[in-house]
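A.B. asks: 3D, please:
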Amino acid sequence: MSQPATSAPRPDPVAANGPTALRIACQEQLLPGDTLERKWEFALAAGYDAIELRGKAGFAFRDRLPELRRAAANGIVMPTVCVDMPHFFGAFDPDLRRDAIDQMKSQLSVIAEIGGRGAMTPASYGMFSRRLPPFEPPRAEAADREVLLDGLTELGTHAAAEGVELYLEPLNRYEDHMVNRLDQAVDLVKTAGIDALRVVADTYHMNIEEDDPAAAVRAAAGYLGHVQVSDSNRFQPGAGHLDWPAVLGALDAGGYQGYLAVECRLRGEPDVAVASIPPFLRRQR
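C.D. replies: So this is what the prediction gives:
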């Protein structure tokens with residue numbers, strides 16, 4: 001497969017007067033309320049700056065366009081969409097790969113239409129793990145890489161045409177056998193060579209896979225486009241043992257300018273747990 005030229009790192013410089021204000025988004029399913037407007041009221045009162053949307057299969061995200069246009073017109077900030085589908089662009093089956101790519105291209109077009117920044121996706125989820133029997137996947141590592149680069153090239157080209165970004169998310173070894181660490185995602189993005197491709201740092205998966213999460217964040221700084229946050233146990237930040245000052249300090253050191261998007265399970269009374277996250281994160285910085 002022919003690859004575009006490797007792109008250079010794309011640093012996000014720290015503001016002249018120091019780190020920018022911490023911007024925190026909450027995934028929509030965690031917020032109380034039966035409309036985006038009511039969710040937004042709660043989010044603002046709790047100290048959030050945006051809502052991260054969820055993009056389901058069956059072109060459901062495209063079907064939400066009237067709702068999303070109204071929400072955007074009402075001032076709701078919706079910068080990103082996190083994919084929520086049963087299969088992804090790294091699937092073994094070519095028909096499933098084609099469907100996942102078409103779904104993601106649609107989601108990129110929708111997030112562009114409502115003025116968002118981009119959409120994120122893993123290579124796969126729950127498809128295979130080298131840590132569980134039968135241990136050896138049905139596709140060789142070189143073929144995995146070719147499939148991933150083909151998909152990233154098509155998706156990155158579409159994202160660039162729409163004026164948004166595609167964020168590749170590494171998952172832990174039990175959820176994906178191909179892309180587990182930030183450096184692996186960075187390597188794929190560099191090889192694809194499309195500026196619209198960036199990398200997601202998810203603190204839960206990093207807690208499992210990275211020897212030093214803060215060092216991994218610093219190393220990936222030039223390619224880091226989005227961050228998702230939960231604690232070491234997948235519950236809300238503050239419920240586990242992650243070293244938040246180290247991770248947030250690494251993001252500041254790398255000049256990260258994006259959102260911290262809350263993607264977690266909740267321990268305790270849900271509304272109280274969700275509302276506790278912004279003040280907790282801002283105290284750790």
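
A.B. asks: from Leu171, how far off is the residue in the chain sticking out farthest from the centre?
C.D. replies: In the chain, Pro134 marks the outermost C-alpha relative to the chain mean, sitting 29.1 Å out by Cα atoms, centre = their mean. Using Cβ to Cβ, to the nearest Å, Pro134 is found at 20 Å from Leu171. Backbone N, C-alpha and C define where each C-beta goes, glycine included.

A.B. asks: then Val247?
C.D. replies: Applying Cβ to Cβ to Val247 and Leu171 gives a distance of 18 Å.

A.B. asks: where does pLDDT dip in this structure?
C.D. replies: Counting by pLDDT under 70, the ranges of the chain that qualify are 1-19.

A.B. asks: scan it for its longest helix.
C.D. replies: helix 141-162 (DSSP state H).

A.B. asks: let's see it as PDB, backbone CA atoms only.
C.D. replies: Extracted in PDB, the C-alpha atoms of helix 141-162 (Å, rounded to 0.1, in the frame of the first residue of the first chain):
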ATOM      1  CA  GLU A 141       0.600  -8.200  12.400                       C
ATOM      2  CA  ALA A 142       1.700  -6.800   9.000                       C
ATOM      3  CA  ALA A 143      -1.900  -7.300   7.700                       C
ATOM      4  CA  ASP A 144      -3.300  -5.600  10.800                       C
ATOM      5  CA  ARG A 145      -1.100  -2.600  10.100                       C
ATOM      6  CA  GLU A 146      -2.000  -2.400   6.400                       C
ATOM      7  CA  VAL A 147      -5.800  -2.500   7.300                       C
ATOM      8  CA  LEU A 148      -5.300   0.200   9.900                       C
ATOM      9  CA  LEU A 149      -3.300   2.500   7.600                       C
ATOM     10  CA  ASP A 150      -5.800   2.000   4.800                       C
ATOM     11  CA  GLY A 151      -8.700   3.000   7.100                       C
ATOM     12  CA  LEU A 152      -6.900   5.900   8.700                       C
ATOM     13  CA  THR A 153      -5.900   7.300   5.300                       C
ATOM     14  CA  GLU A 154      -9.500   7.300   4.100                       C
ATOM     15  CA  LEU A 155     -10.900   8.700   7.300                       C
ATOM     16  CA  GLY A 156      -8.100  11.300   7.700                       C
ATOM     17  CA  THR A 157      -8.700  12.500   4.100                       C
ATOM     18  CA  HIS A 158     -12.400  12.800   4.700                       C
ATOM     19  CA  ALA A 159     -11.800  14.600   8.000                       C
ATOM     20  CA  ALA A 160      -9.400  17.100   6.300                       C
ATOM     21  CA  ALA A 161     -12.000  17.800   3.600                       C
ATOM     22  CA  GLU A 162     -14.600  18.500   6.300                       C
END
